[in-house]
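Visitor: No sequence on hand, only this structure:
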């Protein structure tokens, strides 16, 4: 049974039990009640009939009279004592004289009755009205209770069942949407599916937002996994091919120790390249996925950047001069390991595409509440068409414009790290005049 049916059945059962308890409680109280006065009800009924008696054109009108109502029996007699109309309990026929306005009692078998007479003088004719009721009669209150019970209980049940079903349906509908989206994502059909619940109980809205956040993390995780697998399989293909080819060549052609050492050197170089590539891919993926923790600390960025510049050793200077212009006491919240990689990658890129005997200028300036790191060179520059591609993984300029020693991940990591810090990375460049890379750190 579904939760909606269970909830509705529970509401219905509780209402039935509550109604039964109330009814039993009222019946028990009624059996001992003294507020339901049979004598008073008898007098009121007789007087009511007395007021409704009509005599028209030599005959009485009986249409508006109540011979029997709510346990009270009324009989109507003429002046001679002849019964004109009436009702009485079976086997009860009191042989008492008429005494108007006096409440009396009499016994009929083992049951005691109240008796009350009233006389109505119609000028032309008169009529006696005699009413009687059992002294233990409780039909007045019982009648009211039964009417209310038979009328209200079905209505209450319908309202309970209908209202319970609507409430349960509205409460659990978002859960069905959540399950549908979860099944879709689990099957891999649509990783972008979101609930975006706008209506429903507040608890379901909170649950929907929590699921949406979880789906977003899952989507990023799957995308990062696909990206890593695609990048690794594509970029590792070349060094693996080189290693296998070198091993085959060494097996067939190397004869001296020097030949084998040369082959081992080639294999070692490709192995280092693969190791660096895998390490950078893992770093990018972990940073995007959030599996590695990079704690931030607020510190003097000026001293840190100056230290990174002093530690940087390019593979080939080619007569290129590095000049720094670092403003003092520039503070920012950053992760030292990641920020060091930004400085190193930007300097390495500037040396790689710089011209012989050229210059590199690195500056750090305070900008508003943050800092701006700029690395400018007077190298070969980047065309307008290529500037939109330089931040992509593994994209590199033409081989004629620089060496092929890089992995093509340096600038991609710079952008990811800048965004990880809540900042941004951009470039300004012109072919033949150099490039300027700008990193904003909040």
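Guide: That came in fine, so what should we check first? These figures come from a predicted structure and were not determined experimentally.
Visitor: Now do the same contact list for residue 105.
Guide: Counting by CB atoms under 8 Å, 6 or more residues apart in numbering, residue 105 makes contact with 112, 113, 114, 115, 135. Placement of C-beta: from N, CA and C, glycine included.
Visitor: now with 6 Å?
Guide: Residue 105 sits next to 112, 114 when contact means CB atoms under 6 Å, 6 or more residues apart in numbering.
Visitor: next one: the one helix or strand it maps to to chain centre, how far?
Guide: Using DSSP states H and E, the element containing residue 105 is strand 103-108. Distance, stretch centre to chain centre, for strand 103-108: 74 Å (CA atoms, centre = their mean, to the nearest Å).
Visitor: excluding its backbone neighbours, what's nearest residue 350?
Guide: Excluding the flanking residues, the one nearest residue 350 by CB to CB, 6 or more residues apart in numbering is residue 377, at 4.2 Å.
Visitor: quick one: contacts for that neighbour?
Guide: Residues counted as contacts of residue 377 (CB under 6 Å, 6+ apart) are 350, 354, 360, 434, 435.
Visitor: Please name the bridge partners of it.
Guide: On the basis of DSSP bridges, residue 377 is bridged to residue 360.
Visitor: Look up how far residue 163 lies from it.
Guide: The gap separating residue 377 from residue 163 is 74 Å, by CB to CB, to the nearest Å.
Visitor: Also residue 389?
Guide: Separation of residue 389 from residue 163 (CB to CB): 62 Å.
Visitor: How about residue 113?
Guide: From residue 113 across to residue 163, the span is 48 Å (CB to CB).
Visitor: ditto for residue 334
Guide: From residue 334 over to residue 163 the distance is 58 Å, taken as CB to CB.
Visitor: More neighbours: these two, which one.
Guide: Between residue 334 and residue 163, residue 334 has the larger neighbour count (other CB atoms under 10 Å), namely 24 against 12.
Visitor: what's the burial count for residue 427?
Guide: The number of residues packed near residue 427 is 16, by other CB under 10 Å.
Visitor: now residue 19
Guide: If you count neighbours by other CB under 10 Å, residue 19 ends up with 16.
Visitor: On the pLDDT front, check it for me.
Guide: Looking at residue 19, its pLDDT stands at 76.
Visitor: can you pull the contacts of it?
Guide: Residue 19 touches residue 153, counting by CB under 6 Å, 6+ apart.
Visitor: Checking it next. Helix, strand or coil?
Guide: Assigned by DSSP: H, G, I helix; E, B strand; the rest coil, the conformation of residue 19 is helix.
Visitor: One more: residue 91?
Guide: Put simply, residue 91 is coil when judged by three-state DSSP.
Visitor: quick one: pLDDT of it?
Guide: For residue 91, the pLDDT comes out at 75.
Visitor: What is the neighbour count of it?
Guide: Going by other CB under 10 Å, the residues that sit close to residue 91 add up to 8.
Visitor: if I look at it, how far off is residue 125?
Guide: Using CB to CB, we find residue 91 at a distance of 31 Å from residue 125.
Visitor: Ok, residue 83 next?
Guide: For residue 83, the distance to residue 125 equals 15 Å [CB to CB].
Visitor: same check, this time on residue 265
Guide: According to CB to CB, residue 265 and residue 125 sit 142 Å apart.
Visitor: same check, this time on residue 168
Guide: Going from residue 168 to residue 125 by CB to CB gives 69 Å.
Visitor: Looking only at neighbour counts, state which of the two leads.
Guide: residue 168 (19 against 13).
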